[in-house]
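Engineer: coords please:
(chains A and B)
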Amino acid sequence: MKVFIGMKVPRADEELRLAADLLPASVKSTGHQPFLATDEIASRGLTNPKDFMPFVWEHLRSADLVIILNHPDLRGGLIEAGMAYAWDIPIWLCHKPGERVSSSMRGCTDVTIEYETLDDLRDKLSSQLKGLTQ
Amino acid sequence: MNCPECGAADSACESRFHECLALEFQNPGYSAVHHLTVIAYTLQHSSTLTRAGWLHQRELLRQFIVENKPPEFIRTQNKDLDSGKRTFKIKSNDGKPVISKTAWAKTILDVQMDDAGTYCKDVTAWAKSVLEDVETITL
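Structural biologist: Prediction:
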């Protein structure tokens, strides 16, 4: 199962960078194939949205599941969720307690994973992923 | 060569669609109509959909346009109806169009991108016109 992971580009944010390592690893450890959009885009040197949106569209279209890591400054998440919505691809949203989540995003989400720490996120996500058929 | 599905001149529809996605990604003013952009485009390019998927998307567009329901409401409503256990596939990879229509009142090339207000108005007009066109199609 191909799992598309959408999140804010980590840049200098250490926790986001750790999350960018943890999310694909959790997906892989449960036998699924992760696609971390931010890293895939960066590794191809695609910096302009005109260049990376076609790439995102194609990969999202072939995904079986979309996981969005919420962030107050996440711009692309809603667009990715919108594409997943059109293809009727399940959307899982991960967010911290009390974090602002748009009502549109909340409404389009099939599974919500609320986590306190990255370890908590890994455990909860792995548990959900194990419930999926491959 | 014109697009074999929407009829857009020089098959410029795909690159315009990607430009629209980029704009919607960058600017919340443009992203307000993202749900319409995606559905209208895929309905006109039915080779990416199964027959059931196309019919499902047509119904979605009808609910957006006619019933004025927001996407999140419809998703919640559908979750209640089928508990997320849909039995049909939406996506198709065989490249065969579900519909044979190639003449449309509007395509994505009718959408002006100068400012968010014009963009949202044009995407809405295009989506409404797509709905009018597809409502007459019987599969």
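Engineer: Residue numbers of chain A in contact with chain B?
Structural biologist: Within chain A, the positions near chain B by CB under 8 Å from any CB of the partner chain are A:48-50, A:53-54, A:56-57, A:61, A:75-76, A:78-79, A:82-83, A:85-88, A:90, A:103-108, A:110. Backbone N, C-alpha and C define where each C-beta goes, glycine included.
Engineer: Of those, keep whichever come out buried.
Structural biologist: A:49, A:53-54, A:56-57, A:61, A:76, A:78-79, A:82-83, A:85-88, A:104-105, A:107-108 (16 or more other CB atoms under 10 Å in any protein chain shown).
Engineer: mind listing which of the residues of chain A next to chain B are in strands?
Structural biologist: Judged by DSSP state E, strands contain none of the residues of chain A next to chain B.
Engineer: For chain B, spot the helix or strand the model is least confident about on average.
Structural biologist: Averaged element by element with mean pLDDT, DSSP states H and E, chain B has its least confident helix or strand at helix B:71-82 (a mean of 61).
Engineer: Rounded mean pLDDT for the helix or strand in which B:K128 is found, please.
Structural biologist: Counting by DSSP states H and E, the element that carries B:K128 is helix B:116-134. The pLDDT scores in helix B:116-134 average 98.
Engineer: now swap in stretch A:39-55 and tell me
Structural biologist: 92.
Engineer: Could you grab the helix/strand/coil label for the closest residue to B:P71 other than its chain neighbours?
Structural biologist: The shortest distance from B:P71 to any non-neighbouring residue, by CB to CB, 6 or more residues apart in numbering or on different chains, is to B:H35 (4.6 Å). Secondary structure, DSSP: H, G, I helix; E, B strand; the rest coil: B:H35 is helix.
Engineer: Determine how far stretch A:102-120 lies from the middle of the whole chain.
Structural biologist: Counting by CA atoms, centre = their mean, to the nearest Å, stretch A:102-120 is centred 10 Å from the centre of its parent chain.
Engineer: From one end of that stretch to the other, what's the distance?
Structural biologist: 23 Å (CA to CA, to the nearest Å).
Engineer: now do stretch A:40-55
Structural biologist: 9 Å.
Engineer: got the CA coordinates for the helix holding B:K128 in PDB?
Structural biologist: C-alpha atoms of helix B:116-134 as PDB (Å, rounded to 0.1, in the frame of the first residue of the first chain):
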ATOM      1  CA  ALA B 116      -8.200  35.600  -6.600                       C
ATOM      2  CA  GLY B 117     -11.700  37.100  -7.100                       C
ATOM      3  CA  THR B 118     -11.700  36.600 -10.900                       C
ATOM      4  CA  TYR B 119     -10.200  33.200 -10.500                       C
ATOM      5  CA  CYS B 120     -12.800  32.000  -8.000                       C
ATOM      6  CA  LYS B 121     -15.600  33.400 -10.200                       C
ATOM      7  CA  ASP B 122     -14.300  31.800 -13.300                       C
ATOM      8  CA  VAL B 123     -13.600  28.400 -11.700                       C
ATOM      9  CA  THR B 124     -17.200  28.400 -10.300                       C
ATOM     10  CA  ALA B 125     -18.600  29.300 -13.800                       C
ATOM     11  CA  TRP B 126     -16.500  26.600 -15.400                       C
ATOM     12  CA  ALA B 127     -17.700  24.000 -12.800                       C
ATOM     13  CA  LYS B 128     -21.300  25.000 -13.300                       C
ATOM     14  CA  SER B 129     -21.000  24.700 -17.000                       C
ATOM     15  CA  VAL B 130     -19.300  21.200 -16.600                       C
ATOM     16  CA  LEU B 131     -22.200  20.200 -14.400                       C
ATOM     17  CA  GLU B 132     -24.700  21.300 -17.000                       C
ATOM     18  CA  ASP B 133     -22.900  19.400 -19.700                       C
ATOM     19  CA  VAL B 134     -22.500  16.200 -17.700                       C
END
